[in-house]
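make a model of this:
(chains A, B, C and D)
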There are 4 protein chains.
Amino acid sequence: MDTPRLTTNPFDDDKLREECAVFGIFGADDAAAHTALGLHALQHRGQEATGLVTYDGAEFRAHRALGQVGEVFGDPAVMQRLKGHAAIGHNRYSTTGDPMVRNTQPLFADLEFGGLAIAHNGNLTNALQVRRELVHDGAIFQSTTDTEVIVHLLAQAQGAVTDRLIAALRRVEGAYSLVCLTRKKLIGVRDPLGVRPLVLGRLGDAHILASETCALDIIGAEKLRDVAPGEMIVIDEDGVHSSFPFPPAAGRFCIFEYVYFSRPDSVVEGKSVYKARTAIGRELAREHPVAADVIVPIPDSGVPSAIGYAEQSGVPFEYGIIRNHYVGRTFIEPTDEIRNLGVRLKHNANREVVEGKRIVLVDDSIVRGTTSRKIVEMMRHAGATEVHMCIASPPTTHSCFYGVDTPERDKLLAAKHTVEEMRALIGCDSLAFISMDGLYRAVGLEGRNAARPQYCDACFSGDYPIRLADQEAQPGKSAQLSLLREQAR
Amino acid sequence: MDTPRLTTNPFDDDKLREECAVFGIFGADDAAAHTALGLHALQHRGQEATGLVTYDGAEFRAHRALGQVGEVFGDPAVMQRLKGHAAIGHNRYSTTGDPMVRNTQPLFADLEFGGLAIAHNGNLTNALQVRRELVHDGAIFQSTTDTEVIVHLLAQAQGAVTDRLIAALRRVEGAYSLVCLTRKKLIGVRDPLGVRPLVLGRLGDAHILASETCALDIIGAEKLRDVAPGEMIVIDEDGVHSSFPFPPAAGRFCIFEYVYFSRPDSVVEGKSVYKARTAIGRELAREHPVAADVIVPIPDSGVPSAIGYAEQSGVPFEYGIIRNHYVGRTFIEPTDEIRNLGVRLKHNANREVVEGKRIVLVDDSIVRGTTSRKIVEMMRHAGATEVHMCIASPPTTHSCFYGVDTPERDKLLAAKHTVEEMRALIGCDSLAFISMDGLYRAVGLEGRNAARPQYCDACFSGDYPIRLADQEAQPGKSAQLSLLREQAR
Amino acid sequence: MDTPRLTTNPFDDDKLREECAVFGIFGADDAAAHTALGLHALQHRGQEATGLVTYDGAEFRAHRALGQVGEVFGDPAVMQRLKGHAAIGHNRYSTTGDPMVRNTQPLFADLEFGGLAIAHNGNLTNALQVRRELVHDGAIFQSTTDTEVIVHLLAQAQGAVTDRLIAALRRVEGAYSLVCLTRKKLIGVRDPLGVRPLVLGRLGDAHILASETCALDIIGAEKLRDVAPGEMIVIDEDGVHSSFPFPPAAGRFCIFEYVYFSRPDSVVEGKSVYKARTAIGRELAREHPVAADVIVPIPDSGVPSAIGYAEQSGVPFEYGIIRNHYVGRTFIEPTDEIRNLGVRLKHNANREVVEGKRIVLVDDSIVRGTTSRKIVEMMRHAGATEVHMCIASPPTTHSCFYGVDTPERDKLLAAKHTVEEMRALIGCDSLAFISMDGLYRAVGLEGRNAARPQYCDACFSGDYPIRLADQEAQPGKSAQLSLLREQAR
Amino acid sequence: MDTPRLTTNPFDDDKLREECAVFGIFGADDAAAHTALGLHALQHRGQEATGLVTYDGAEFRAHRALGQVGEVFGDPAVMQRLKGHAAIGHNRYSTTGDPMVRNTQPLFADLEFGGLAIAHNGNLTNALQVRRELVHDGAIFQSTTDTEVIVHLLAQAQGAVTDRLIAALRRVEGAYSLVCLTRKKLIGVRDPLGVRPLVLGRLGDAHILASETCALDIIGAEKLRDVAPGEMIVIDEDGVHSSFPFPPAAGRFCIFEYVYFSRPDSVVEGKSVYKARTAIGRELAREHPVAADVIVPIPDSGVPSAIGYAEQSGVPFEYGIIRNHYVGRTFIEPTDEIRNLGVRLKHNANREVVEGKRIVLVDDSIVRGTTSRKIVEMMRHAGATEVHMCIASPPTTHSCFYGVDTPERDKLLAAKHTVEEMRALIGCDSLAFISMDGLYRAVGLEGRNAARPQYCDACFSGDYPIRLADQEAQPGKSAQLSLLREQAR
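Numbers count the residues shown, from 1 in each chain, chains lettered A, B, ... in the order given. Now for the predicted structure:
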């Protein structure tokens, strides 16, 4: 056995994947349990590996492993060992870095001033370039993650830990929402454009940093506010300190967080994700009305938009597809025959609902289109007389380099095909995407170009708000680092 | 560590649990893979353990383990070893028998005529009495399952395997949908009242027996028909043979299969489960209309009834509660503080949907009521101004002895309290249950007492259609068998 | 991976293997720990699997697994669970029965009178015949061990457990030293000829039954006496009871126990094994003197005989071969090149001792001869000028059917070749075996035929003192039972 | 569970422990299998963890784990993955560094010039001081091993890898026998005093570096020569290159390698270890003759000296103590009662040999003396009338800082007590140690002070030939590094 690649089933391969979640808490008894709960609520942002580091006033303690939060932290003996009043944690889906334990965050280093743990959501766009310089000067990397670049820059800087962190972050480019833990402080930073989310919350005397508000809800904490783009939050015994160490810039929050990444019960950048999605569905129904008998969501991600679409159109909303939630990370080794069953592992047609009907399938996005084609075929096989498809985002035409696992550009269906070509490939009777302006309207603006784009929408527009230094040097998604190949331990 | 009890989170403890699923296939290449897929589709009928036995013309091979289908059969090396053209499989949730591997089905015995594997959905009501007689005569039991009683009766009978099976089944009382595998035959039998479901399907030249049609769908098989109450189906190289070895009786299919147990995309006893549930929701809305702003399902089981309720009432359907599907079998060891978070592990309020609203929560049933109370509290905490609760089944007042894991009667909320008392305990503004007649109407009949009850509704009525011999001898749920305590292997 | 066959390295494949050890204790606090220690001292009698069953006045508890005693019982959590004042245990090396957990003893059955655990050293020679009859009458076997036959006979007998056990043992033929544990009693029985050893000991108020005295030493217990051939010992709260339920017979203890099976520090049938072996070495030196420079034992089993040989001959004893005791149960997958290194995994020439010398290698026996050939070659490669080989037993010409794992007869080198042919095949300069009379003299008698043979020496003589019913019915070592193939759990 | 400390039984705790073995091979097909075999032969030099790194012309591959060689490399799937024609490996017993996987060698780093793997036998005496400087300059350490200091020095040096390695080694002080693997070279270095052994061998076209010759024997390789103190050997496609990069110094090889550490079948520094030990035994008999009936070795380490003692004295050599070689790494959780059995887990008296006899026990050394006391008591309990003890080394009065795991000085029995006091504590009738001159004579010199001490004998003399910089700065055995505590992965 090689490094156990945690395969998800075919369906998930046809989604963009947020690569990470971060969580930190300072000042709570049993910080580890709170962190594990927070990570559990953020599981949708990374299911491949998880880890947490605590500090109890004397020692840093860690547990990091491949697997889901419930598995990794389900053992009472593990949790008992993770003592401390402060902790940070991380869920990961690999963008850079292989799925090996060595890459599992939080990263930890024993620096001159003491231990430092760090967890990162996002992706640095000049990590390879900086790494090369660091290695030339004698730095020894232990992981293939871009995050380790920050740790080395920090180790070589001088002064207090916050000064060192600022110095380090001034050397890197890209998207990051970071949490760091030292013996005295919990620190959170968001990159100047605020591409990835980060919120500040409170539970009694404890303060919390988390990727989304759902991680506050699970522990009964209240949201204080979003961390602002370019803001550094330092939490210590004296309370919460805010500073803005980077040149001011207009925020460009990732609009895809509303479309798919964030949990529907989260409020990100002041907006309810669920409401944004039902609004997208309504907008979609206005832009692309279809004469149909039933609105069918592709579960689970298409559900809120389908509810919006149904409300707007007056066509009944019904579960024409049933999803099997027991689909785990691995499954039966696919013989060719079994592989062709693929789609049925996770979804099954609810024949009684779709038979003899004109249906509108609502999904959040189309990436490769492989799943869409299978779902359409399944609907026709179940007796649907017409199958229309309405997509709650514009065509995904470009890769993301800011912390999302997108296929190479030439694997993106919309990068190579017109909408009509896509419709033919997918096999549906009609195919419609919400317009860019429609999407902006649904999240509460007047349209993309009303003033300046207030979001990062590079995956739809190719308009990359942060320089892609490594990409320009070496086009192609990611340079392979020549690290040791070792079995997962 | 003792036998690792696969704990589910608190929410699931407040549901009745179907204890088992069965699946069998004869005449297919790679029978094991088909069976594993079928068991995967039937995962909702038992998540504690799973197993399958194949026959390849020379050897029987088995793999049985605690865990879910995807875990147990996810290892290619395991699947490769399970050669054969015929197989049976089983998912279990314990009714009788501890959660030990020894109790994991299919059971296997090397009898005089050769090997026999057997898997059972249901529960025998005179198993202890028969077991006592068998032990007196020198039989050695290896498990604590009621199913092993059938195996011993079969071993001591004479003649062909079908004759022996009939002789054995005539000695037992209770509910059973069985599949058996011998060197030459796949056999399926349903008890005379047909309490548990069993369907017959076909895929090319192969025939399949399965608890529900969703297990046919996943492998692309077509449903031929339901196995009839009291029918024995024998599948061999010559095809499918049907016989009725028991005295004729009026069927009493379990009505709770429509309410909760079966998958919504299954068609059981000729009726779509999804359509039955939306019909129940509509009936409930007619019986118990509420002045409200939004209909909120308790996901996932309350969703179809809530859709029906919303359609009938004209009140919008919205996801006011978000369910975290990553909740696995185990989780963080609960300190008291964490335990009180209980409900949030699986459900979170979608505040933006419920805040300032009068809501109707729709759920399938109330067992202990502990979860309902927490959900109501969560809704109020999220700002709901009124919380009404509508339940898609009559009050659950009696235990089931036919293959469902129900709490002792005195743990059933409805066994000890009036509806008004229940409302007060749960803390909602109003509480309503569908009437028995309403439930019968929803599943297509004129009412329970139109002619004779066509279903088993003992959990609502206390009207037990099969004698409870062991219960009568020893009141209390189950006699403890004095078996060896051994660590799970 | 299939059932993990616990492969030992090539060397062990060239030894006869005692298949089992038994141990029982009654009346001791922490009976499980004492039993585990006793089994540890008896590890040489079976390394494939081990198990123990305790009774604490209320429950029987078991732990049985593939592996060595230290591994299987090394986990404190395992030991803590095994409460009780009485216990029996077993080490096994498979004779009949696959190396599956199901075959691991003690076997346990919940019989009419309560639980019964049983552990067996020896082998029944009519087990298949009796098994066939039992299966015909409806008995269901769970293992492929001959021991389970006794359990079924016991289950079907009537009366008190001792009466049932006697009735059962009167139906079987073969060699057995048994220990049984019930709620009230620890029982030990030795077959009428006493082929396998069994001793009775005492530690404070507790009584112990064990295969060898070294198991008494490890817990500081004193030996009371050997259990006599045909004797049944019953230990209960009233003390120790002895009876002789079988017709009297002249004992035929296995003489190979002195040659190889028993530990040198054990006293079996009243004789020190170590002294017997040095006496054999002296006798061998008298029968087969060799002009040589150094006496080299093949470690470890050849050491005592080599010491005796050196003492008698006056030639120095030196370790010309060093054994690596870290050789575990599994090792590097042999490429052909690695396979040829085979012998060096466990033994290495001590070149400085043998170079330029005429050496006498002393070993206990020759089975297949494959190891002997490699050792001789290794000695020549290390510079020995002459290599003589002296064997501390007569030629092994016949298989054992009384509880020893011998190869089929045609794999025994001495069954097909004269001593001179063997010498040529092994490649030594001379080869000598002790004579049968010499062996008898060494263990303290006047010779084999002085009166009647007082030992079982069938492996040297072909004189089988107990009928071989199954062998006569089906010549060939063992009939394959058609049991379920299941992965080790 | 915390990091699983691989506990050995009490007896081993009373020995000094060599901490490491190294092995490297260049130019062999299946370098990994050869390395695993070599490590297996060197298992006595470290049983806690093992690892190997291969290079196949494209990728470095590693497998490192806690456990013994046979366990860690026993899985064919593991070995198959470890492709390559060059490899290095390591066994470890911790001196510095916790028993965590992160500390398991070979260490690996991806440096500017490519990958580098390194394995180290010995101990650096200024590692903490250099580490502190490196951390100050921004180096991030991943382990607590002294070896990582060398890797960082190497990363920060400039030029070719050999130049960097020389520069690094000039900064460190202590004892080391190193092997390094790069993409082009296998490098071996021995510290200027040559405290630890290292030999060069050949197998066909491949060259090998190993701690002892027994690692050459197991793969059929021939010894070419010892690597000289202060020598650097570079093996590449052009062959073997030798250089002496350090100032010349008189060698001080560890004399304890002859007494205990090395395997008896190894030839170290040109002398047979076995012959050295029998010579020590003879010298001991000359210095300390005893009137006795039998010479009894404490197995296994006392055997060769006992043979020498018996030869010289003419008193018979007999195994009066039998050792159980199945004692694994863990065992039954000791209750107090069990703990007192301690010594019997590994050794048992062979009563028939010692009863009524005056015996001389021969052992290699006395560390804490706890075992000696128990053995003497065991001998008396078995009936020995007099128990004399002769030790094959001078009293161990000082700790070793050059790669041996010695207790703190005040735990060494001989550091605090006269010989007579030790005798009384141990409870024997007489106690004698070989003299320092006697030891030197036995290994072939005229005495310690003939010219200058040709060996390091600091553990007997306190004469430390290499400066102890870290000890001088911080007296006490080892400074605790404040690394992350993480569960073994």
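
secondary structure element for A:P289?
Taking DSSP states H and E as the definition, one finds A:P289 inside no helix or strand.

I'd like the distance between it and A:V315.
For A:P289, the distance to A:V315 equals 9 Å [CB to CB, to the nearest Å]. Any C-beta I mention is one placed from the backbone N, CA and C, and that applies to glycine too.

of these two, who's got more company?
A:V315 (20 against 15; other CB atoms under 10 Å in any protein chain shown).

worst-scoring helix or strand of chain A, pLDDT-wise?
helix A:336-341 (a mean of 63; mean pLDDT, DSSP states H and E).

next SSE after it?
Next element after helix A:336-341 (DSSP H and E): helix A:343-346.

indicate each strand paired with the helix or strand following that next one and its parallel or antiparallel sense.
Once the chain leaves helix A:343-346, the next helix or strand it forms, by DSSP H and E, is strand A:347-349. Its sheet considered, strand A:347-349 pairs with strand A:321-323 (antiparallel) by DSSP bridges.

surely A:V161 meets A:E112?
No - counting by CB atoms under 8 Å, A:V161 does not reach A:E112; the two are 10.2 Å apart.

which of the two has more neighbours?
For A:V161 versus A:E112, neighbours defined as other CB under 10 Å are more numerous around A:V161 (20 against 14).

list the residues that contact that one.
For A:V161, the contact set (CB atoms under 8 Å, 6 or more residues apart in numbering or on different chains) comprises A:113, A:116, A:154, A:180, A:182, A:185, A:187.

now, those that are in strands?
Of the contacts of A:V161, the ones assigned to strands by DSSP state E are A:116, A:180, A:187.

ok, so of those residues, who is nearest chain B?
A:C180 (23.9 Å; CB to the nearest CB).

which residues touch the closest one?
A:88, A:116-119, A:161, A:165, A:186-189.

so where's chain A shaky on pLDDT?
Chain A contains residues with pLDDT under 70 at A:1-13, A:18, A:94-101, A:327-343, A:450-452, A:475-483, A:487-489.

how is it divided into domains?
As assigned by automatic domain parsing, chain A contains the domains A:10-252, A:271-323+A:339-464.

how near is A:F141 to A:F113?
21 Å.

neighbour count: those two, which is higher?
Remark: of A:F141 and A:F113, A:F141 carries more neighbours, 21 against 16, as counted by other CB under 10 Å.

do stretch A:381-389 and chain B meet?
No - on the criterion CB under 8 Å from any CB of the partner chain, stretch A:381-389 is out of touch with chain B, staying 9.0 Å away.

could you report the neighbour count for A:Q80?
There are 11 residues near A:Q80, going by other CB under 10 Å.

for chain C, see how far away it is.
Using CB to the nearest CB, to the nearest Å, A:Q80 is found at 15 Å from chain C.

could you look up the SS state of that residue?
With DSSP: H, G, I helix; E, B strand; the rest coil as the basis, A:Q80 sits in helix.

and the strands in the stretch 201-350 of chain A?
Using DSSP state E, counting those that start in this stretch, the strands of the stretch 201-350 of chain A run over A:206-210, A:222-226, A:232-236, A:239-243, A:253-254, A:267-268, A:271-272, A:294-297, A:321-323, A:347-349.

hmm, who's touching the fourth one?
So the one you mean is strand A:239-243. Residues contacting strand A:239-243 (CB under 8 Å, 6+ apart): A:200, A:207, A:231-235.

A:A221 contacts A:L203, correct?
Yes - A:A221 lies in contact with A:L203 (CB under 8 Å); the separation is 3.8 Å.

more crowded one of those two?
A:A221 (24 against 16).

contact partners for that one?
Contacts of A:A221 (CB under 8 Å, 6+ apart): A:201-203, A:206, A:208.

number of residues surrounding the residue of the stretch 1-150 of chain A found nearest chain D?
Per CB to the nearest CB, the residue of the stretch 1-150 of chain A with the smallest distance to chain D is A:G138, at 3.4 Å. Residues near A:G138, counting by other CB under 10 Å, number 21.

out of everything not next to it in sequence, what's closest to it?
Once flanking residues are discounted, A:G138 sits nearest to D:Q156: 3.4 Å by CB to CB, 6 or more residues apart in numbering or on different chains.

same question for A:L186.
The nearest residue in space to A:L186 (CB to CB, 6+ apart) is A:F26, at 3.9 Å.

ok, the closest residue to A:A392 other than its chain neighbours to A:L16 distance?
Leaving out its chain neighbours, the residue that sits closest to A:A392 by CB to CB, 6+ apart is A:S305, at 4.0 Å. With the distance defined as CB to CB, A:S305 ends up 16 Å from A:L16.

next: A:H40.
Taking CB to CB, one finds A:H40 at 22 Å from A:L16.

ok, longest helix in chain A?
helix A:273-287 (DSSP state H).

so which bits of that one are buried?
Neighbour-count burial for helix A:273-287, counted by 16 or more other CB atoms under 10 Å in any protein chain shown, picks out A:273-285.

got it, and stretch A:133-143?
Quick answer for stretch A:133-143 (16+ other CB under 10 Å): A:134-135, A:138-143.

give me the phi and psi for A:R441.
The phi and psi values for A:R441, taken as degrees, to the nearest 10, are phi -60, psi -40.

I'd say it and A:L284 touch.
No - proximity of A:R441 to A:L284 does not meet the contact threshold set by CB under 8 Å, at 11.0 Å.

the helices in the stretch 51-200 of chain A, which residues?
A:69-72, A:76-81, A:127-136, A:147-156, A:161-171 (DSSP state H, counting those that start in this stretch).

close enough to count as contact, A:V294 and A:P316?
Yes - counting by CB under 8 Å, A:V294 touches A:P316, with 5.5 Å between them.

what is in contact with the two at once?
Counting by CB under 8 Å, 6+ apart, nothing touches both A:V294 and A:P316.

what is the burial count for the residue nearest to A:T125 when sequence neighbours are not counted?
Leaving aside its chain neighbours, A:T125 sits nearest to A:G174 (4.2 Å; criterion: CB to CB, 6+ apart). Neighbours of A:G174 under the rule other CB under 10 Å: 25.

also the one 5 residues further on?
Counted with other CB under 10 Å, residues neighbouring A:V179 total 31.

in the sheet, who's paired with it?
Under DSSP bridges, the beta-bridge partners of A:V179 are A:A119, A:G188.

I'd like the ones in strands among the contacts of A:V161 as TSV, with distance to B:Y326 appended.
Shown next, in TSV, are the ones in strands among the contacts of A:V161 (distance: CB to CB, whole Å):
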residue	distance to B:Y326
A:L116	29
A:C180	26
A:I187	28
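
for those residues, which one is nearest D:D265?
A:L116 (49.9 Å; CB to CB).

which ones are touching that closest one?
Residues counted as contacts of A:L116 (CB under 8 Å, 6+ apart) are A:108-109, A:151, A:154, A:161, A:180-182.

now A:A31. Nearest residue, chain neighbours left out?
That would be A:A87: by CB to CB, 6+ apart, it lies 3.8 Å from A:A31.

okay, that neighbour and D:T406: tell me how far apart.
Counting by CB to CB, the gap from A:A87 to D:T406 is 39 Å.

who has more neighbours out of these two?
Applying other CB under 10 Å to A:A87 and D:T406 shows that A:A87 carries more neighbours, namely 33 against 19.

please look at that one and A:L37 and confirm they touch.
No - at 11.2 Å, A:A87 does not count as touching A:L37 under the criterion of CB under 8 Å.

okay, now A:G444: neighbour count?
Neighbours around A:G444, by other CB under 10 Å: 14.

likewise A:A109?
22.

look up the closest residue to it, ignoring the ones flanking it.
Here the residue nearest A:A109, using CB to CB, 6+ apart, is D:I140, at 4.6 Å.
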